[in-house]
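K.L.:
pasting the structure only:
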């Protein structure tokens, strides 16, 4: 029976790449292993696999008492495959907090407080002198850039940066440029209409006597929005809301571009910027913690 | 605040040595750490510390929310220090099954399915190029010999044997001879009377119409018993029991020496040996699974 290697449900890039990288590691050590995934590929992982020419892990629905499992990028039953309590867990590699699992027998488990599971896998390859091919380096690097937001996330450690830089050389890419390309593909708005994008993550608020709508889109595909600025403004201006704000949030550069139906002075005062359509507000990333509390007093002043 | 490093409650040799060896490892990497223990030293660990001239870990009663902890040789709240749920766990090294702990934040955790925690620590020293002194090698070796019964336990892996043999060279001891000396000291019957020893672990049974007593002592200090064979036989023969069997069990050589008040044929038939006082019965180690079921039909035949 092959060892089944998989990341968490609703897999992100680290879970997909960890599964592929760990499976290759096990095979290099002579262990019969199969790379699996517990859900559909997201756009970001799809981009990574296409870029480095790697087949996706096979879909796994459930396991039973005959299965031997290796968990990567998670260590909680609730995040894992159905039936796992009955199966045998032989190995876990992860970078999350300890999640309360129990096993019937001793196992291998490697947790490290780093930004990405692939940073741990990188050190396992090195310790065991397992060859890191260009493809494997590409997968590891992509996961590290994804989890650490190209080394910008506060979870980033020196180990992540060292691993990432070495892997970028082996993979033959400029990590900053490649990372931005990956995030852009992962947050692409291709196929969405103006209406789709405004309403993708939209909430309505009462501020004083005004009905205010705030939409937010996380994307690096800023051009896709800005090239259709007039279409967005037409749609926004025709809405029923007294005021409507659309924040196009760039998670890498930590800020948001604003398109709005609103008196200019509200935008100017709320965010301390020159109020023009499409203005970039540095540091503005949270609707709950920044957009709503900054806008509310300004709207209520009217 | 120093990192507190400790093994499980009611510490065995692996828990005591793991704490000392891990503390030295952390210090070698520049981390302020203190070796602790959660209970009294047993005779075996006392022998080891005396042999290699090492101070015992300091006694630790409880921890609180200000403490940073490193767990060795266990990974369950129930086996650990009081108050651990409130403290911060930064590292765990263990060889037992996964015990259901949760933490608030990511941590380091290294579990391996090997016979002894010190086998894992040995590989960590090697990977990090931390010097293994004669003392540290002695502590690691002692724990490995203790947990694997000098490589005889079915839990023994190749990693344990390789580590043990290398460590014996560094420590400058013959591992077989040293291990037997350690087990002998650990199971010493010094200070116990004949009465103490017979009654140390004694159970009474009804077999047919007979009242039968069976005592068992686990020791490698066979001489301490055999040199007083006549005293033991006098005490046993004066007892109220119709039959009384004392098994002096040698866990390393997996067998028991028998002293008895009993018709010879019962001993001969039950254990397929020539019935003489002090006879060694190979493979006889369990009262519940071997002594009682083998004796019962023979006594009932009378």
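P.N.:
Noted; the coordinates are in hand. Owing to the predicted nature of the structure, the values given are computational and were not obtained by experimental measurement. Numbering: from 1, shown residues only, chains lettered A, B, ... in the order given.
K.L.:
Now for residue A:288, how many residues are close by?
P.N.:
10 (other C-beta atoms under 10 Å in any protein chain shown). Glycine gets a C-beta too; all of them are placed from N, C-alpha and C.
K.L.:
where does it land on pLDDT?
P.N.:
You'll see residue A:288 listed with a pLDDT of 90.
K.L.:
Would you verify that it is located in a strand?
P.N.:
No: with DSSP: H, G, I helix; E, B strand; the rest coil as the criterion, residue A:288 is helix rather than part of a strand.
K.L.:
where's it relative to chain B, distance?
P.N.:
23 Å (C-beta to the nearest C-beta, to the nearest Å).
K.L.:
repeat for residue A:131
P.N.:
19 Å.
K.L.:
how far away is residue A:199 from residue A:180?
P.N.:
Per C-beta to C-beta, to the nearest Å, residue A:199 is found 27 Å from residue A:180.
K.L.:
Sorry, slip of the keys, the one I care about is residue A:263.
P.N.:
Here residue A:263 is placed at a distance of 35 Å from residue A:180 (C-beta to C-beta).
K.L.:
go on, residue A:54?
P.N.:
Residue A:54 sits 21 Å away from residue A:180, going by C-beta to C-beta.
K.L.:
what does residue A:6 give?
P.N.:
Taken as C-beta to C-beta, the span from residue A:6 to residue A:180 is 29 Å.
K.L.:
Equivalent analysis for residue A:1, please.
P.N.:
42 Å.
K.L.:
For chain A, which element, helix or strand, carries the lowest mean pLDDT?
P.N.:
helix A:222-226 (a mean of 89; mean pLDDT, DSSP states H and E).
K.L.:
From the rest of the structure, what touches that helix?
P.N.:
The contact list for helix A:222-226 (C-beta atoms under 8 Å, 6 or more residues apart in numbering or on different chains) reads A:188-190, A:197, A:217, A:219, A:232, A:248, A:250, A:257, A:259, A:278.
K.L.:
Show me what from the stretch 1-150 of chain A comes close to chain B.
P.N.:
Residues of the stretch 1-150 of chain A lying near chain B by C-beta under 8 Å from any C-beta of the partner chain: A:89, A:95-114, A:127.
K.L.:
Those residues in strands, which ones?
P.N.:
Counted as lying in strands by DSSP state E, out of those, are A:89, A:97-99, A:102-106, A:108-111.
K.L.:
how about the helices in the stretch 101-250 of chain A?
P.N.:
Per DSSP state H, counting those that start in this stretch, the stretch 101-250 of chain A carries helices over the ranges A:117-127, A:134-148, A:158-171, A:175-186, A:194-199, A:222-226, A:229-237.
K.L.:
Lowest average pLDDT across those?
P.N.:
helix A:222-226 - the lowest mean pLDDT of the helices of the stretch 101-250 of chain A, at a mean of 89.
K.L.:
got the buried residues for that one?
P.N.:
A:222, A:224-225 (16 or more other C-beta atoms under 10 Å in any protein chain shown).
K.L.:
ok, now which ones touch residue A:64?
P.N.:
Residues counted as contacts of residue A:64 (C-beta under 8 Å, 6+ apart) are A:83, A:86-87.
K.L.:
any chance of those in a markdown table, plus secondary structure, pLDDT and neighbour count?
P.N.:
A markdown table is the format used below for the contacts of residue A:64 (DSSP: H, G, I helix; E, B strand; the rest coil; pLDDT from 0 to 100; neighbours: other C-beta atoms under 10 Å in any protein chain shown):
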| residue | secondary structure | pLDDT | neighbour count |
| --- | --- | --- | --- |
| A:83 | coil | 97 | 14 |
| A:86 | coil | 96 | 12 |
| A:87 | coil | 98 | 18 |
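K.L.:
any idea which of these is the one closest to chain B?
P.N.:
Proximity of the contacts of residue A:64 to chain B (C-beta to the nearest C-beta) peaks at residue A:87, which lies at 13.5 Å.
K.L.:
Contacts only, for the closest one.
P.N.:
Going by C-beta under 8 Å, 6+ apart, residue A:87 touches A:63-69.
K.L.:
Burial check on residue A:49, number of neighbours?
P.N.:
Neighbours around residue A:49, by other C-beta under 10 Å: 22.
K.L.:
Tell me which helix or strand comes right after the one helix or strand it maps to.
P.N.:
Per DSSP states H and E, residue A:49 falls inside helix A:43-52. Later in the chain than helix A:43-52, the nearest helix or strand by DSSP H and E is strand A:58-59.
K.L.:
Between helix A:117-127 and whatever helix or strand comes next after that next one, find me the angle.
P.N.:
Per DSSP H and E, the first helix or strand lying C-terminal to strand A:58-59 is strand A:68-72. For strand A:68-72 against helix A:117-127, the angle by axes from the mean of the first three to the mean of the last three C-alpha atoms, to 10 degrees is 110 degrees.
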